[in-house]
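Chemist: sequence first, then the predicted structure, then my questions.
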Amino acid sequence: MKQTTKYTNQPIGTFDGLRHYVNPATGQYIIAGKGGANKTLLKNNPSLDRCRENYHEWSIVGKWSHQIRRSTFDILHLAFGNYTSGLNQFAKNLQKMDVESTKGIRLIETSKFKPLLTLVNFNTQHPFNKVLIRIPEVIADSQRKTITVNIPGFRACNEIIWPKPYGYFRFSLQIGLIFDYVWDENKKEFDEQYPDTMHRREVVRGEWTSRLADIFDLSLTATFPEEFILAENASVVVALGIEIGTNETPDTISFKKGDGTMAFVACL
(Lines give C-alpha, C1' and ligand atoms only; values in the text may rest on other atoms or scores of the structure.)
Protein backbone atom coordinates (compact mmCIF):
# COMPACT_ATOMS: atom_id res chain seq x y z
CA MET A 1 0.00 0.00 0.00
CA LYS A 2 1.44 3.34 -1.09
CA GLN A 3 1.60 6.09 1.54
CA THR A 4 2.02 9.85 1.17
CA THR A 5 1.51 12.76 3.55
CA LYS A 6 -1.90 14.25 4.22
CA TYR A 7 -0.83 17.52 2.59
CA THR A 8 -0.88 16.14 -0.93
CA ASN A 9 -3.71 14.94 -3.12
CA GLN A 10 -1.74 11.90 -4.28
CA PRO A 11 -3.09 8.42 -3.49
CA ILE A 12 -2.17 7.26 0.00
CA GLY A 13 -3.51 3.76 -0.39
CA THR A 14 -5.15 1.21 -2.67
CA PHE A 15 -7.48 -1.66 -1.92
CA ASP A 16 -9.36 -3.97 -4.29
CA GLY A 17 -9.19 -1.60 -7.27
CA LEU A 18 -9.95 1.51 -5.21
CA ARG A 19 -7.60 4.35 -4.36
CA HIS A 20 -8.00 6.89 -1.59
CA TYR A 21 -6.32 10.21 -0.89
CA VAL A 22 -6.70 13.39 1.15
CA ASN A 23 -8.01 16.60 -0.41
CA PRO A 24 -5.47 19.20 0.84
CA ALA A 25 -8.03 22.03 0.69
CA THR A 26 -10.66 20.36 2.88
CA GLY A 27 -8.73 17.63 4.71
CA GLN A 28 -11.34 15.09 3.62
CA TYR A 29 -10.60 11.57 2.38
CA ILE A 30 -11.72 10.79 -1.17
CA ILE A 31 -12.24 7.29 -2.54
CA ALA A 32 -12.18 6.68 -6.30
CA GLY A 33 -12.09 3.66 -8.56
CA LYS A 34 -9.31 2.87 -10.99
CA GLY A 35 -9.86 2.38 -14.68
CA GLY A 36 -11.00 4.28 -17.76
CA ALA A 37 -9.86 4.34 -21.35
CA ASN A 38 -6.12 4.32 -21.93
CA LYS A 39 -4.42 7.05 -23.97
CA THR A 40 -4.18 5.03 -27.19
CA LEU A 41 -7.84 4.01 -27.07
CA LEU A 42 -8.93 7.56 -26.31
CA LYS A 43 -6.93 8.90 -29.25
CA ASN A 44 -8.05 6.41 -31.92
CA ASN A 45 -11.40 4.83 -31.08
CA PRO A 46 -14.19 6.43 -33.20
CA SER A 47 -16.75 5.72 -30.49
CA LEU A 48 -14.87 8.03 -28.11
CA ASP A 49 -15.18 11.19 -30.23
CA ARG A 50 -17.15 12.98 -27.51
CA CYS A 51 -14.55 12.01 -24.92
CA ARG A 52 -11.80 13.43 -27.13
CA GLU A 53 -13.73 16.68 -27.51
CA ASN A 54 -14.14 16.98 -23.75
CA TYR A 55 -10.49 16.08 -23.21
CA HIS A 56 -9.31 18.84 -25.59
CA GLU A 57 -11.47 21.46 -23.95
CA TRP A 58 -10.66 20.48 -20.37
CA SER A 59 -6.96 20.67 -21.20
CA ILE A 60 -7.15 24.49 -21.27
CA VAL A 61 -9.59 24.75 -18.37
CA GLY A 62 -6.76 23.66 -16.08
CA LYS A 63 -4.29 25.97 -17.82
CA TRP A 64 -6.67 28.91 -17.44
CA SER A 65 -7.04 28.21 -13.71
CA HIS A 66 -3.26 28.07 -13.45
CA GLN A 67 -3.08 31.54 -15.01
CA ILE A 68 -5.41 32.82 -12.31
CA ARG A 69 -3.35 31.27 -9.52
CA ARG A 70 -0.14 32.61 -11.07
CA SER A 71 -1.49 36.15 -11.37
CA THR A 72 -2.61 36.18 -7.69
CA PHE A 73 0.33 34.21 -6.27
CA ASP A 74 1.44 36.83 -3.71
CA ILE A 75 -1.93 36.94 -1.94
CA LEU A 76 -3.16 33.43 -2.73
CA HIS A 77 -2.67 32.42 0.91
CA LEU A 78 -5.89 34.38 1.52
CA ALA A 79 -7.86 31.89 -0.60
CA PHE A 80 -9.43 29.12 1.43
CA GLY A 81 -11.35 25.92 0.81
CA ASN A 82 -11.81 24.05 -2.45
CA TYR A 83 -11.75 27.13 -4.68
CA THR A 84 -9.95 25.32 -7.53
CA SER A 85 -13.06 23.43 -8.58
CA GLY A 86 -14.89 26.75 -8.70
CA LEU A 87 -12.17 28.22 -10.93
CA ASN A 88 -12.39 25.24 -13.27
CA GLN A 89 -16.17 25.49 -13.47
CA PHE A 90 -15.92 29.22 -14.13
CA ALA A 91 -13.42 28.59 -16.96
CA LYS A 92 -15.73 25.95 -18.42
CA ASN A 93 -18.62 28.42 -18.38
CA LEU A 94 -16.46 30.95 -20.25
CA GLN A 95 -15.66 28.26 -22.77
CA LYS A 96 -19.33 27.51 -23.34
CA MET A 97 -19.84 31.16 -24.28
CA ASP A 98 -17.87 30.53 -27.46
CA VAL A 99 -20.81 29.73 -29.77
CA GLU A 100 -18.79 30.16 -32.98
CA SER A 101 -16.17 27.41 -32.60
CA THR A 102 -16.82 23.70 -32.99
CA LYS A 103 -17.23 21.66 -29.81
CA GLY A 104 -13.83 20.27 -28.91
CA ILE A 105 -11.96 23.44 -29.89
CA ARG A 106 -14.07 26.09 -28.13
CA LEU A 107 -11.93 28.96 -26.85
CA ILE A 108 -11.61 30.65 -23.49
CA GLU A 109 -11.65 34.35 -24.31
CA THR A 110 -11.42 36.17 -21.00
CA SER A 111 -11.03 39.51 -22.77
CA LYS A 112 -14.66 39.33 -23.95
CA PHE A 113 -16.11 38.74 -20.48
CA LYS A 114 -13.88 40.70 -18.12
CA PRO A 115 -16.54 41.89 -15.64
CA LEU A 116 -17.51 38.30 -14.88
CA LEU A 117 -14.19 37.62 -13.14
CA THR A 118 -15.33 39.65 -10.14
CA LEU A 119 -17.81 36.83 -9.47
CA VAL A 120 -15.05 34.30 -8.70
CA ASN A 121 -15.13 33.23 -5.04
CA PHE A 122 -11.65 32.43 -3.71
CA ASN A 123 -12.68 31.89 -0.10
CA THR A 124 -15.54 29.51 0.64
CA GLN A 125 -15.35 30.13 4.38
CA HIS A 126 -15.14 33.94 4.26
CA PRO A 127 -16.40 35.28 0.90
CA PHE A 128 -14.85 38.68 0.23
CA ASN A 129 -18.16 40.50 -0.23
CA LYS A 130 -19.30 39.22 3.18
CA VAL A 131 -16.18 40.54 4.92
CA LEU A 132 -15.78 43.96 3.27
CA ILE A 133 -19.12 45.70 3.03
CA ARG A 134 -17.84 48.52 0.78
CA ILE A 135 -17.24 48.22 -2.98
CA PRO A 136 -13.73 49.65 -3.62
CA GLU A 137 -13.11 52.26 -6.30
CA VAL A 138 -10.70 51.06 -9.02
CA ILE A 139 -8.87 53.59 -11.22
CA ALA A 140 -6.54 52.74 -14.12
CA ASP A 141 -4.44 54.88 -16.42
CA SER A 142 -5.02 54.80 -20.17
CA GLN A 143 -2.47 52.01 -20.67
CA ARG A 144 -3.80 49.86 -17.79
CA LYS A 145 -0.31 49.76 -16.29
CA THR A 146 -0.98 51.75 -13.12
CA ILE A 147 -3.92 50.63 -11.00
CA THR A 148 -5.20 52.39 -7.89
CA VAL A 149 -7.78 51.06 -5.44
CA ASN A 150 -9.47 53.57 -3.13
CA ILE A 151 -11.83 53.28 -0.19
CA PRO A 152 -12.38 56.85 1.02
CA GLY A 153 -13.54 57.46 4.57
CA PHE A 154 -12.76 53.90 5.66
CA ARG A 155 -13.45 52.71 9.19
CA ALA A 156 -12.53 49.10 9.82
CA CYS A 157 -14.62 48.49 12.92
CA ASN A 158 -17.74 49.24 10.87
CA GLU A 159 -16.75 47.98 7.44
CA ILE A 160 -14.82 44.74 8.05
CA ILE A 161 -17.16 42.01 9.26
CA TRP A 162 -15.13 39.24 10.89
CA PRO A 163 -16.62 36.42 13.01
CA LYS A 164 -13.89 36.52 15.70
CA PRO A 165 -12.27 39.31 17.71
CA TYR A 166 -9.20 40.77 16.02
CA GLY A 167 -6.82 43.63 16.62
CA TYR A 168 -5.30 44.56 13.26
CA PHE A 169 -5.85 44.30 9.53
CA ARG A 170 -3.88 44.86 6.35
CA PHE A 171 -4.90 45.29 2.70
CA SER A 172 -2.82 44.04 -0.24
CA LEU A 173 -3.27 44.93 -3.90
CA GLN A 174 -2.19 42.45 -6.58
CA ILE A 175 -2.34 43.05 -10.33
CA GLY A 176 -1.58 40.41 -12.94
CA LEU A 177 -2.21 39.30 -16.52
CA ILE A 178 -4.63 36.78 -18.02
CA PHE A 179 -4.41 35.79 -21.69
CA ASP A 180 -7.03 34.32 -24.00
CA TYR A 181 -6.61 30.77 -25.28
CA VAL A 182 -6.85 30.20 -29.03
CA TRP A 183 -6.79 27.08 -31.24
CA ASP A 184 -3.66 26.48 -33.30
CA GLU A 185 -4.84 24.50 -36.32
CA ASN A 186 -1.29 23.64 -37.39
CA LYS A 187 -0.29 22.15 -34.04
CA LYS A 188 -3.81 20.88 -33.31
CA GLU A 189 -3.73 22.26 -29.79
CA PHE A 190 -4.68 25.27 -27.72
CA ASP A 191 -2.16 27.98 -27.00
CA GLU A 192 -2.07 31.30 -25.20
CA GLN A 193 -2.76 34.18 -27.54
CA TYR A 194 0.56 35.77 -26.59
CA PRO A 195 2.75 32.78 -25.67
CA ASP A 196 6.00 34.79 -25.60
CA THR A 197 4.69 37.54 -23.31
CA MET A 198 6.01 37.56 -19.79
CA HIS A 199 3.40 36.83 -17.10
CA ARG A 200 3.96 39.91 -14.97
CA ARG A 201 2.38 40.45 -11.60
CA GLU A 202 2.91 43.17 -9.01
CA VAL A 203 1.85 43.38 -5.38
CA VAL A 204 1.63 46.30 -2.95
CA ARG A 205 0.93 45.73 0.73
CA GLY A 206 -0.56 48.28 3.09
CA GLU A 207 0.46 48.83 6.69
CA TRP A 208 -0.94 46.84 9.56
CA THR A 209 -3.61 49.06 11.08
CA SER A 210 -5.65 48.84 14.26
CA ARG A 211 -9.31 47.98 13.77
CA LEU A 212 -10.03 50.88 16.15
CA ALA A 213 -8.15 53.43 14.02
CA ASP A 214 -9.87 56.67 13.14
CA ILE A 215 -11.57 57.10 9.77
CA PHE A 216 -9.01 57.41 6.97
CA ASP A 217 -8.78 57.29 3.16
CA LEU A 218 -7.45 53.89 2.15
CA SER A 219 -5.50 53.90 -1.11
CA LEU A 220 -3.13 51.40 -2.75
CA THR A 221 -1.40 51.74 -6.13
CA ALA A 222 0.38 49.01 -8.10
CA THR A 223 2.28 49.62 -11.35
CA PHE A 224 3.76 47.38 -14.02
CA PRO A 225 7.34 48.33 -15.00
CA GLU A 226 7.58 51.26 -17.40
CA GLU A 227 9.31 49.15 -20.06
CA PHE A 228 6.64 46.45 -19.93
CA ILE A 229 4.46 46.35 -23.06
CA LEU A 230 0.90 45.25 -22.37
CA ALA A 231 -0.63 43.08 -25.11
CA GLU A 232 -3.87 44.45 -26.56
CA ASN A 233 -6.13 41.53 -25.61
CA ALA A 234 -4.43 40.77 -22.32
CA SER A 235 -6.76 41.14 -19.34
CA VAL A 236 -5.43 42.92 -16.25
CA VAL A 237 -6.89 41.37 -13.11
CA VAL A 238 -7.05 43.50 -9.97
CA ALA A 239 -7.16 41.48 -6.76
CA LEU A 240 -7.59 42.87 -3.27
CA GLY A 241 -6.72 40.92 -0.15
CA ILE A 242 -7.57 41.49 3.51
CA GLU A 243 -5.39 39.94 6.21
CA ILE A 244 -6.58 39.72 9.79
CA GLY A 245 -4.06 40.00 12.63
CA THR A 246 -5.02 38.59 16.02
CA ASN A 247 -2.06 39.50 18.28
CA GLU A 248 -2.14 42.52 20.53
CA THR A 249 0.77 44.52 19.14
CA PRO A 250 1.72 45.33 15.54
CA ASP A 251 5.28 44.02 16.05
CA THR A 252 4.02 40.52 16.85
CA ILE A 253 1.01 40.22 14.56
CA SER A 254 0.32 36.63 13.62
CA PHE A 255 -1.33 35.32 10.51
CA LYS A 256 -2.43 31.81 9.67
CA LYS A 257 -4.23 30.44 6.62
CA GLY A 258 -7.91 31.26 6.93
CA ASP A 259 -7.38 34.62 8.65
CA GLY A 260 -8.39 36.77 5.72
CA THR A 261 -9.95 36.74 2.29
CA MET A 262 -9.40 38.00 -1.26
CA ALA A 263 -11.25 38.65 -4.51
CA PHE A 264 -11.00 40.27 -7.92
CA VAL A 265 -12.37 43.78 -7.57
CA ALA A 266 -11.92 44.52 -11.30
CA CYS A 267 -10.72 43.08 -14.59
CA LEU A 268 -9.53 45.64 -17.12
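Modeler: Great, that's in hand.
Chemist: just to check, Leu220 is in contact with Val204?
Modeler: Yes: the pair Leu220 / Val204 is scored as a contact, 5.2 Å apart, by CB atoms under 8 Å. Heads up, the C-betas are built off the backbone N, CA and C, glycines and all.
Chemist: can you list residues touching both of these two?
Modeler: Counting by CB atoms under 8 Å, 6 or more residues apart in numbering, the residues touching both Leu220 and Val204 are Ser172, Leu173.
Chemist: low-confidence ranges in this protein?
Modeler: 1-17, 21, 23-27, 33-56, 195-196, 247-257 (pLDDT under 70).
Chemist: tell me the strands in it, going along the chain?
Modeler: Counting by DSSP state E, the chain has strands at residues 13-15, 18-22, 29-33, 137-140, 146-154, 168-178, 181-184, 189-192, 201-205, 209-210, 216-223, 235-245, 260-267.
Chemist: what lines up beside the third one in the sheet?
Modeler: Paired neighbours of strand 29-33 in the sheet (DSSP bridges): strand 18-22 (antiparallel).
Chemist: hey, where'd the helices end up in the stretch 1-150 of the chain?
Modeler: Using DSSP state H, counting those that start in this stretch, the helices of the stretch 1-150 of the chain run over 39-44, 49-71, 83-96, 128-131.
Chemist: so His20 bridges to which residues?
Modeler: Here His20 sits in beta bridges with Gly13, Ile31, as judged by DSSP bridges.
Chemist: can you tell me how far it is from Ala263?
Modeler: 33 Å (CB to CB, to the nearest Å).
Chemist: which one of those two is surrounded by more residues?
Modeler: More crowded of His20 and Ala263, by other CB atoms under 10 Å: Ala263, with 25 against 13.
Chemist: now render the strands of the chain as JSON lines, adding distance to Ile60.
Modeler: What follows is those, written out as JSON lines (distance: least, CB to CB, whole Å):
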{"stretch": "strand 13-15", "distance to Ile60": "31"}
{"stretch": "strand 18-22", "distance to Ile60": "25"}
{"stretch": "strand 29-33", "distance to Ile60": "24"}
{"stretch": "strand 137-140", "distance to Ile60": "27"}
{"stretch": "strand 146-154", "distance to Ile60": "27"}
{"stretch": "strand 168-178", "distance to Ile60": "13"}
{"stretch": "strand 181-184", "distance to Ile60": "5"}
{"stretch": "strand 189-192", "distance to Ile60": "4"}
{"stretch": "strand 201-205", "distance to Ile60": "20"}
{"stretch": "strand 209-210", "distance to Ile60": "41"}
{"stretch": "strand 216-223", "distance to Ile60": "28"}
{"stretch": "strand 235-245", "distance to Ile60": "15"}
{"stretch": "strand 260-267", "distance to Ile60": "18"}
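Chemist: how about these, which one is nearest Phe90?
Modeler: strand 260-267 (10.9 Å; CB to CB).
Chemist: distance from the chain centre to the closest one, please.
Modeler: Put simply, strand 260-267 sits 9 Å off its chain's centre (CA atoms, centre = their mean, to the nearest Å).
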